[in-house]
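In: Next comes the sequence, and after it the predicted model I'd like to discuss.
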Amino acid sequence: MTLRAIIWDVDDTIFDYAGADVAGIRAHLRTEGLLDGFTSAEQALGRWQRATVHHWARFSAGEVDFPGQRRDRVRTFTGRPDMADAEADAWFGRYIVHYEAAWSLFPDTVPALDRLSGYRHAVLSNSSSEVQEHKLRTLGVRDRFEAVVCAADLGVSKPAAEAFHTACAAIGVPPEEAAYVGDEPDIDARGAVEAGLRGIWLDRTGRGGRPELIRITGLGQLPGLLAGDTRFGAPSTFG
């Protein structure tokens, strides 16, 4: 069946989330005078990243809502589990200022979207539509996507099939006519395949492995992959 649509993850796929997060939290902690409480900036960054991973997993599992995972990241990082919501929100809001100042697309994002303009495009993210709509508009690419579908609004997260199917339905394309591109092998690529889409793992950091998945290491490889074989050929086609 002909491939008609590409559905995209956002963070660490088209948008350099990791880079912006590191730059943002580093600037925030320096401004707040919090680096003195750690042996190094790297130790502080590691603590923040572990808190982020832990509470994001709780959000994805439905254990906490989107604002709650932000507050809990702050509480875990600061070691203040009883911090009031308003104080945690204010702390996170000050961090967001630095984080947004560091926002950027990956250099291969716009060229890939240009080369793939013949396909229909949508976003499926495990974040919230408020966050991702703002991000995509700020980065100047919102008009590239027909729909932005997000877990916080759906009440279900990737890798659940319902999330992928909702994104397909948003642009009127059946799952078998859509590809999904994301940076996580299980949440994104495997989840998409199990939902009936053609899952593609964007392995920017070169983790490798997972030979059962279709893997690329940069978006510059995607147009050739799709043009060469709409069934995507063998797994791990690129690297």
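Out: Sure, I can see it. Numbering: from 1, shown residues only.
In: From the chain's centroid, how far away is stretch 112-126?
Out: Centre-to-centre, stretch 112-126 and its host chain are 14 Å apart (Cα atoms, centre = their mean, to the nearest Å).
In: Show me what that stretch is in contact with.
Out: The contact list for stretch 112-126 (Cβ atoms under 8 Å, 6 or more residues apart in numbering) reads 3-11, 56, 59-60, 132, 136, 141, 144-151, 157-158, 163-164, 166-167, 170-171, 173, 180, 187, 219-220, 222-223, 226. Where you see a C-beta, it was placed from the backbone N, CA and C, and this is true even at glycine.
In: Please list only the buried members of these.
Out: By neighbour count, with 16 or more other Cβ atoms under 10 Å, the contacts of stretch 112-126 hold 3-11, 56, 59-60, 132, 136, 141, 144-145, 147-151, 157-158, 163-164, 166-167, 170-171, 173, 180, 187, 219, 222-223, 226 as buried.
In: circling back to that earlier point, among the contacts of stretch 112-126, name the ones in helices.
Out: 56, 59-60, 132, 136, 151, 163-164, 166-167, 170, 222-223, 226 (DSSP state H).
In: Next one, pLDDT for Thr39 please.
Out: With respect to pLDDT, Thr39 scores 87.
In: hmm, back to that, make JSON lines out of the ones in helices among the contacts of stretch 112-126 and add distance to Val22.
Out: JSON lines is the format used below for those (distance: Cβ to Cβ, whole Å):
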{"residue": "Trp56", "distance to Val22": "16"}
{"residue": "Phe59", "distance to Val22": "21"}
{"residue": "Ser60", "distance to Val22": "22"}
{"residue": "Gln132", "distance to Val22": "20"}
{"residue": "Leu136", "distance to Val22": "21"}
{"residue": "Ala151", "distance to Val22": "24"}
{"residue": "Ala163", "distance to Val22": "28"}
{"residue": "Phe164", "distance to Val22": "30"}
{"residue": "Thr166", "distance to Val22": "32"}
{"residue": "Ala167", "distance to Val22": "29"}
{"residue": "Ala170", "distance to Val22": "32"}
{"residue": "Leu222", "distance to Val22": "26"}
{"residue": "Pro223", "distance to Val22": "30"}
{"residue": "Leu226", "distance to Val22": "32"}
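In: Listing request: residues of this structure with sub-threshold pLDDT.
Out: Residues of the chain meeting the criterion pLDDT under 70: 229-239.
In: Where do the helices of it begin and end?
Out: Assignment of helices within the chain using DSSP H yields the ranges 17-32, 41-60, 66-78, 85-101, 109-115, 129-138, 151-154, 161-170, 191-194, 222-228.
In: What residues of the fifth one count as buried?
Out: It stands for helix 109-115. Those would be Thr109, Val110, Ala112, Leu113, Arg115, for helix 109-115 by 16+ other Cβ under 10 Å.
In: The longest one now?
Out: Taking 16+ other Cβ under 10 Å as the basis for neighbour counts, the residues of helix 41-60 that come out buried are Ala44, Leu45, Arg47, Trp48, Gln49, Ala51, Thr52, His55, Trp56, Phe59, Ser60.
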